[in-house]
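this one's structure only:
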């Protein structure tokens, strides 16, 4: 009777420690602000199957994906052995209910014991031999403690099974335990009972210690990742939350402390695996800057976790993360490219937290970069980021045969040109190319005299107040022309009008110009007949690609251009590398490390192209600058997709 008493007593102690830690975890989460985005049951079920069980995002990195799924699936199968372990405390003949006593279960247990051990070895080799940079700053002690515990649990399990092979009268043990029977042959028969008993207690001890250790570090993701995945942001990734600026109860805008964030944001910090995949793809970090997306989550968590008891008891306040954990530059260096979000196997949302801290700096503290402050002033007074007169927004149309929706209300489309398309001389060429293409195709379109900046830059710089002011004016204007479809040449305008304006009452049908060009080709409204004998490499802009999942349309258009030698960069599609201009970075100086746009131009140059093709005015401008910086103007140029299409249309070239 002593054995079951000891097993139950030790288990009660371990589970008490575990649940006490979980209680603290839940109390910390409750300090966060409300989170209202709840997915449908069907969406939650799909996420559970695809993200958790099948581990889709983990497999974006094949080596890590293989060993992680071996360990994960191994533990799912081997939960049966834990039930058997507790049953054995009361009866040596205990078998798993219903499915126990079968060769298949015995075989599965041995198979996954071996697979888990292989997975542990692969994980250890990754940390000890490969030692990727992305692991810098991770808790290595925690990692090796867990790997050691898992290894010991598997080895002791094989010894316990070896004893069952020799002692049991059930033949399925011998047939199913294909590894354990070899372990039995290696050990003297007379010491197997003793070895099995020792293995049992070590096995139990490791499992219970694992349980008490789990809430201490990154392996809390074993508990938090399922709700985190099920509650992840659905729909458009580029949509930011809309602040209620009329709420009189709000004392602080944005976030600088633990309880300033939504509880789902806080759950992200506990779901972080510290794998560093986010950091390994971050354009800012990859070009020598301070920003580290992994440390965003670990830093917020560690700052609170170490003093959780005192904070929850009221002896201490939540620490300010800007004063104690991060510098201001850490948050200003983000381009909001979403590469980190794309890679994160826990589906954490890094951008939302960064924007919340920017909102705090801009709205609550008035701390903002001087050049960004000038941009915000220009947006407020001239409705563009260039400090140019709003009256000159459409001065470039002087010699073009274009109409405005105010004068041509029957037009089918409103062509939303955007600030760069209107004011930047290089991007005006893109605008003119697109206008000529649409005119040749017989498209019924018009410009909008009252067009203002959509507010994307103001919002990403943290000035939600200015963003909403610009957005409401644009929505009011666009609502005068119900049913009109909007064509944009800027992915940032596309994202803001389509995905963010609905929160403020502006629901419009928006088409990016790459999608529209594909539509014109499919409907045979334009013909590409002139050969463009150039080597073209295509760049996926972040706000068209990762944020809005538009990858096929621009490629389909390029493949229709005769004479083109089309190429892809190594970092393309969802793995594309940012140009460096998003998230308000277009208007801020880049003083630390290497310039992101130069890095991307160098990546493009590896394919030996004649032209870098983009779909975004930010990208086009950044590449023009990067090419000049690298002194490559004679052999490399940058063009928008619309310019390539125009070049291939004889009639457009002649106009």
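Cool, got the structure. In this text the structure is predicted, and so the values were computed from the model without any measurement.

for the most far-flung residue of the chain relative to its centre, what are its contacts?
Taking C-alpha atoms, centre = their mean, the residue of the chain most remote from its mean C-alpha position is residue 190, at 56.4 Å. Going by C-beta atoms under 8 Å, 6 or more residues apart in numbering, residue 190 touches no other residue. For the C-beta atoms, the positions are set from N, CA and C on the backbone; glycine is no exception.

Please work out how many residues are found near residue 394.
16 (other C-beta atoms under 10 Å).

Same question for residue 208.
18.

re earlier: the residue farthest from the centre of the chain in helix, strand or coil?
helix (DSSP: H, G, I helix; E, B strand; the rest coil).

got it, and the one 5 residues further on?
Look at residue 195: counting by three-state DSSP, its state is helix.

now do residue 544
Quick answer, by three-state DSSP: residue 544 is coil.

Apart from its neighbours in sequence, what residue is nearest it?
Excluding its sequence neighbours, the residue lying closest to residue 544 (C-beta to C-beta, 6 or more residues apart in numbering) is residue 491, at 4.0 Å.

Isn't the one you found up against residue 620?
No - taking contacts as C-beta atoms under 8 Å, residue 491 lies outside contact range of residue 620: 11.4 Å.

one step back: now do the residue nearest to residue 544 against residue 455, distance only.
15 Å (C-beta to C-beta, to the nearest Å).

returning to what we had before: contacting residues for the residue nearest to residue 544?
Contact analysis of residue 491 by C-beta under 8 Å, 6+ apart lists 512, 541, 542, 543, 544, 547, 548, 615, 616.

so how far is residue 351 from the last one?
Spelled out, that is residue 616. Using C-beta to C-beta, residue 616 is found at 18 Å from residue 351.

Please compare these two by neighbour count and tell me which comes out ahead.
Neighbours were counted for residue 616 and for residue 351 using other C-beta under 10 Å; residue 616 has more, 33 against 22.

tell me the SS of the closest residue in space to that one that isn't next to it in sequence?
When the adjacent residues along the chain are set aside, residue 616 lies closest to residue 541, with 3.8 Å between them (C-beta to C-beta, 6+ apart). Assigned by three-state DSSP, the conformation of residue 541 is coil.

wait, what's in contact with residue 541?
491, 576, 579, 614, 615, 616, 618, 619 are the contacts of residue 541 under C-beta under 8 Å, 6+ apart.

Which strand residues bridge residue 638?
Following DSSP bridges, residue 638 is listed with bridge partners residue 612.

doesn't residue 611 make contact with it?
Yes - counting by C-beta under 8 Å, residue 638 does reach residue 611; the two are 7.0 Å apart.

what about the strands in the stretch 301-450 of the chain?
Taking DSSP state E, counting those that start in this stretch to define them, one finds strands in the stretch 301-450 of the chain at 413-416, 445-446.

sorry, that was for the stretch 501-650 of the chain
Counting by DSSP E, counting those that start in this stretch, the stretch 501-650 of the chain has strands at residues 509-512, 535-538, 565-568, 611-614, 637-640.

just for the stretch 51-200 of the chain, where's the confidence low?
98-101, 168-172 (pLDDT under 70).

For it, which segments count as helices?
Secondary structure of the stretch 51-200 of the chain (DSSP state H, counting those that start in this stretch): helices at 62-88, 103-125, 140-167, 171-176, 180-186, 192-213.

mind checking which of those helices is nearest residue 395?
Among the helices of the stretch 51-200 of the chain, the nearest to residue 395 by C-beta to C-beta is helix 62-88 (53.5 Å).

So which bits of that closest one are buried?
64-75, 77-78, 80-82, 84-85, 87-88 (16 or more other C-beta atoms under 10 Å).

Any idea which of the helices of the stretch 51-200 of the chain gets closest to residue 483?
Closest of the helices of the stretch 51-200 of the chain to residue 483 is helix 62-88, at 47.1 Å (criterion: C-beta to C-beta).

now the angle between helix 192-213 and the closest one, please.
Between helix 62-88 and helix 192-213, the angle formed by their directions is 120 degrees, by axes from the mean of the first three to the mean of the last three C-alpha atoms, to 10 degrees.

Packing partners of helix 62-88?
Applying 3 or more C-beta pairs under 8 Å, 6 or more residues apart in numbering; DSSP states H and E, we find helix 62-88 packed against helix 103-125, helix 140-167, helix 192-213.

what's the angle from it to helix 103-125?
130 degrees.

Report the inter-axis angle for helix 62-88 versus helix 140-167.
Helix 62-88 runs at 50 degrees relative to helix 140-167, counting by the same axes, to 10 degrees.

And helix 62-88, how far out from the chain middle?
In terms of C-alpha atoms, centre = their mean, to the nearest Å, the centre of helix 62-88 is found 28 Å from the chain centre.

Repeat that for stretch 489-504.
With C-alpha atoms, centre = their mean, you get 19 Å for stretch 489-504.

likewise stretch 34-52?
For stretch 34-52 - counting by C-alpha atoms, centre = their mean - the centre lies 16 Å from the chain centre.

again, but for stretch 331-349
Relative to its parent chain, stretch 331-349 has a centroid offset of 4 Å by C-alpha atoms, centre = their mean.

Quick check: end-to-end length of that stretch?
One end of stretch 331-349 to the other measures 14 Å (C-alpha to C-alpha, to the nearest Å).

now do stretch 300-315
Stretch 300-315 stretches 19 Å from its first residue to its last (C-alpha to C-alpha).

Flag every buried residue along that stretch.
300, 301, 303, 304, 305, 308, 311, 312.

which of those lies closest to residue 118?
residue 301 (30.9 Å).

Per-residue pLDDT of the closest one, please?
You'll see residue 301 listed with a pLDDT of 94.

For the nearest residue to it once chain neighbours are set aside, list the residues it contacts.
Residue nearest to residue 301 in three dimensions, not counting chain neighbours: residue 269, with 3.9 Å by C-beta to C-beta, 6+ apart. Neighbouring residues of residue 269 by C-beta under 8 Å, 6+ apart: 297, 298, 300, 301.

The same query, at a cut-off of 7 Å, please.
Residues counted as contacts of residue 269 (C-beta atoms under 7 Å, 6 or more residues apart in numbering) are 297, 300, 301.

Could you dump those into JSON lines and include distance to residue 212?
Converted to JSON lines, those look like this (distance: C-beta to C-beta, whole Å):
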{"residue": "297", "distance to residue 212": "23"}
{"residue": "300", "distance to residue 212": "24"}
{"residue": "301", "distance to residue 212": "19"}
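
for those, which one is nearest residue 518?
Using C-beta to C-beta, the contacts of residue 269 come closest to residue 518 at residue 297, 38.2 Å.

which residues does that closest one contact?
Residues near residue 297 by C-beta under 7 Å, 6+ apart: 268, 269, 272, 348.

got it, and residue 220?
Counting by C-beta under 7 Å, 6+ apart, residue 220 has contacts 214, 270.

Look at it and report its pLDDT.
91.

How about residue 68, nearest residue that isn't a chain neighbour?
Here the residue nearest residue 68, using C-beta to C-beta, 6+ apart, is residue 58, at 5.1 Å.

any idea how far the spatially most central residue of the chain is from residue 546?
For the chain, the residue sitting closest to the mean C-alpha position, by C-alpha atoms, centre = their mean, is residue 341 at 0.7 Å. Per C-beta to C-beta, residue 341 is found 8 Å from residue 546.
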